[in-house]
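Undergrad: model the structure of this input:
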Amino acid sequence: MKTICPEDRSAELDLARVLVVDDDPTSRLTLQTVLKAGGYRVDAAASAAEAVGKMDEQEYELVLSDLQMESPEAGLKVLAHARMMDYKPATALVTTYQNMRPLKTARMLITPEDIPGLLAKVANLISERAARRVEREMRHAT
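TA: You can find the predicted model right below:
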């Protein structure tokens, strides 16, 4: 049985939580592994419906979704639901398609083959979200 010292517990609580949504088990597991290695707490969903349920139960700093799952635009539905959440997670589409054009409704397209680039984009999205939250809180405080 592993003993967790107080320092480990506080560090664990400070990690950003990311939701990875992808119907392809290999892609989903790869992203989970990379993000966990990058220091994030990661939950996963295999469908838009599962992702919506997880977002309703848990707060996420970032939601990464594949575009095409059970329907051609299931990923856009996931991101639309995320944007309606009170906690306002950062959102991005993840794709393995090399020649995909950016979508107006997608904040960012992330391709998983560039691991350092992926981790940098994830960190950037989460820090931008944090800055927006601070700005919102400051506006409401005045």
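Undergrad: what about the strands in the protein?
TA: 17-21, 41-45, 62-66, 90-94, 109-110 (DSSP state E).
Undergrad: how about a markdown table for the ones you listed, with mean pLDDT added?
TA: Conversion of those to a markdown table gives the following (pLDDT from 0 to 100):
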| stretch | mean pLDDT |
| --- | --- |
| strand 17-21 | 97 |
| strand 41-45 | 97 |
| strand 62-66 | 94 |
| strand 90-94 | 89 |
| strand 109-110 | 58 |
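Undergrad: grab the most central residue of the chain for me.
TA: The residue lying closest to the centre of the chain (CA atoms, centre = their mean) is residue 63, at 2.6 Å.
Undergrad: quick one, longest helix in this structure?
TA: Ranked by residue count under DSSP state H, the longest helix found in the chain is helix 115-141.
Undergrad: pLDDT score for the nearest residue to residue 67 once chain neighbours are set aside?
TA: Nearest residue to residue 67 in three dimensions, chain neighbours excluded: residue 75, at 3.9 Å (CB to CB, 6 or more residues apart in numbering). The way it works is simple: take the backbone N, C-alpha and C, and place the C-beta from them, glycine included. You'll see residue 75 listed with a pLDDT of 91.
Undergrad: pull the contacting residues for residue 75.
TA: Contacts for residue 75 were tallied using CB atoms under 8 Å, 6 or more residues apart in numbering; they are 21, 48, 65, 66, 67, 68, 69, 93.
Undergrad: pLDDT below threshold where in the protein?
TA: For the chain, the stretches flagged by pLDDT under 70 are 1-14, 96-113.
Undergrad: and with 50 instead?
TA: 1-4, 6-13, 102-107 (pLDDT under 50).
Undergrad: wouldn't residue 119 be in contact with residue 34 here?
TA: Yes. Look at residue 119 against residue 34 with CB atoms under 8 Å: they come within range, at 7.2 Å.
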